[in-house]
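Enquirer: any chance you can model this:
(one chain, ligands or ions: 1)
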Amino acid sequence: MSDSTVPKIVLLPGDGIGPEIAAAVVEVLERLGDFEFDTRLMGGCSIDESGVALTDEVLEACKASDAVLLGAVGGPKWDTTDPDAPRPEQGLLGLRAGMGLFANLRPVRPVPALADASPLREEIIRGTDLLVVRELTGGIYFGKRGRDGDTAYDTCEYSVAEVERIARVGFAAARRGVTSVDKANVLESSRLWRETVNRVHQEEFPNVILDHLLVDNAAMQLVAEPSKFDVILTENLFGDILSDEAAMITGSIGLLPSASLGEDGLPGLFEPVHGSAPDIAGQGIANPFAMFLSAAMMLRHGLSMPDQASALESSVDRAVADGIRTRDLGGQATTAEATEAVLTRLD
Ligand code: NAD
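Expert: Here you go, the predicted structure:
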């Protein structure tokens, strides 16, 4: 955490369209207040420069900041099946582990003006306003893995303490209730998950409604009746899959923000859900709105600036409602025009 009164934001533009949407978000944030930006390399661009996706120096800068804002990383240039070659997403995993970011928050709220962008019928998505709270630093992505002859294995482990802290984030975020998702009929780690969630509920959040769903059932319910969910609380692998499924409810990946949070008082990481979109990089047509909404989550959850967060969100909503659409939303607006539309509405 920096001591200065001007919030210090480490900006990691990354690869592909990352630098384009990062430039746009700096313009928007500078309209909202004073920020100190420290722009660093992470992902493929860092591999090209220094051989690793995340250097110790960049990780230290992130830990010393007030918040980290990330574009996206990756691209065909760095795609490889060589297990020893550096990969851009190692930078993301390194940041999550190094900054202790154990909670990933992804809100899913279809914009009424874009209801026809969803692959689901409007009457199914109407009223959807949910939050996926995913555990981010445990489970199978961080367990022991390896190869033994022609066999490969990955292990899923969770401790009580890991489940307790993510459960608290989920319950604290609930407005109506929490649906905890696991596979307790098969997996021992899921049985520990369920026991622990039940105990945290009874001891600390008895007034929040809690129910449990098996992950396969949750995957069905999410497209059958998304509006019945408030907070979906789940472990790393299930959360990875369910949050992408939930993302499709809006039909527009260019509108989805995310936040990754650590312990209270430590910097969080804020980034759009979409990737680096190498197919459209460099053309000036990337949709910057998910990046703007990620910046709004940063203002709210990372920098305690809720008024500026709401102003930014409502400017994006109004721009979309007024018909400002980039190509992915079925329009012709460029990144610059979409940015200008938000700046105008902020004024
Ligand atoms: P992607 O999200 O980059 O792109 C999927 C499709 O959506 C593409 O057609 C793309 O043009 C479009 N799209 C995405 N964001 C857009 C935006 N803001 N505006 C307009 N169109 C947009 O997913 P992908 O193609 O599977 O992955 C591309 C690269 O990104 C891969 O290297 C992948 O590993 C990486 N990736 C990174 C992150 C991250 O940095 N957090 C997340 C997902 C994928």
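Enquirer: from memory Phe171 sits against Val208, does it?
Expert: Yes - when contacts are counted by C-beta atoms under 8 Å, Phe171 is listed as touching Val208 (5.1 Å). To be clear about C-beta, it is placed using only N, CA and C from the backbone, and glycine gets the same treatment.
Enquirer: common neighbours of those two, please.
Expert: Val178, His201 (C-beta atoms under 8 Å, 6 or more residues apart in numbering).
Enquirer: more crowded one of the two?
Expert: Comparing Phe171 with Val208 by other C-beta atoms under 10 Å, the one with more neighbours is Phe171, at 23 against 18.
Enquirer: how much space separates the more buried one from the ligand?
Expert: The gap separating Phe171 from the ligand is 27 Å, by C-beta to the nearest ligand atom, to the nearest Å.
Enquirer: give me the phi and psi for that residue.
Expert: Dihedral pair for Phe171: phi -70, psi -40, per degrees, to the nearest 10.
Enquirer: distance of it from His201?
Expert: 7 Å (C-beta to C-beta, to the nearest Å).
Enquirer: same check, this time on Phe289
Expert: In this view, Phe289 and His201 are 35 Å apart by C-beta to C-beta.
Enquirer: report pLDDT for the residue of the stretch 1-150 of the chain at minimum distance from the ligand.
Expert: As assessed by C-beta to the nearest ligand atom, the ligand sits closest to Gly74 within the stretch 1-150 of the chain, at 2.6 Å. The score at Gly74 is 97. That number is its pLDDT.
Enquirer: in which helix or strand does it reside?
Expert: Per DSSP states H and E, Gly74 falls between elements, in no helix or strand.
Enquirer: number of residues surrounding it?
Expert: 23.
Enquirer: quick one: which of Phe289 and His201 has more around it?
Expert: With neighbours defined as other C-beta under 10 Å, Phe289 and His201 compare such that Phe289 has more, 31 against 19.
Enquirer: phi, psi of that one?
Expert: According to degrees, to the nearest 10, Phe289 has phi -70, psi -40.
Enquirer: ok, now Asn287?
Expert: The phi/psi pair for Asn287 (degrees, to the nearest 10) is phi -80, psi 120.
Enquirer: on the three-state scheme, the nearest residue to it once chain neighbours are set aside is what?
Expert: Once flanking residues are discounted, Asn287 sits nearest to Gly254: 3.3 Å by C-beta to C-beta, 6 or more residues apart in numbering. With DSSP: H, G, I helix; E, B strand; the rest coil as the basis, Gly254 sits in helix.
Enquirer: low-confidence bits of the chain, can you list those?
Expert: Scanning the chain for pLDDT under 70 picks out 1-4.
Enquirer: which bits of it sit near the ligand?
Expert: Those residues of the chain that sit near the ligand, judged by C-beta under 6 Å from any ligand atom, are 17, 72-75, 89, 92, 253-254, 271, 274-280, 286-287, 290, 326, 328.
Enquirer: from the residues you listed, which land in strands?
Expert: Ala72, Glu271 (DSSP state E).
Enquirer: report the buried members of the residues of the chain next to the ligand.
Expert: For the residues of the chain next to the ligand, a burial check counting by 16 or more other C-beta atoms under 10 Å picks out 17, 72-75, 92, 253-254, 271, 274-278, 280, 286-287, 290, 326, 328.
Enquirer: please list all residues in contact with the nearest residue to Ser159 once chain neighbours are set aside.
Expert: Excluding its sequence neighbours, the residue lying closest to Ser159 (C-beta to C-beta, 6+ apart) is Gly138, at 7.5 Å. Applying C-beta under 8 Å, 6+ apart, we find Gly138 in contact with Phe102, Glu157, Tyr158, Ser159, Glu162, Glu235, Asn236.
Enquirer: write the PyMOL selection for whichever of those residues are buried.
Expert: Here is the PyMOL command that selects the buried residues among those (16+ other C-beta under 10 Å):
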select buried, resi 102+158+162+235+236
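Enquirer: out of the contacts of Gly138, who's nearest Ala219?
Expert: Ala219 lies nearest to Glu235 out of the contacts of Gly138, by C-beta to C-beta, at 14.2 Å.
Enquirer: how close does that closest one get to Ala172?
Expert: When Glu235 is compared with Ala172 (using C-beta to C-beta), they lie 18 Å apart.
Enquirer: so which helix or strand takes in Ser310?
Expert: Assigned by DSSP H and E, Ser310 falls in helix 306-321.
Enquirer: buried ones in that helix, by neighbour count?
Expert: Gln308, Ala309, Ala311, Leu312, Glu313, Ser315, Val316, Asp317, Arg318, Ala319, Val320.
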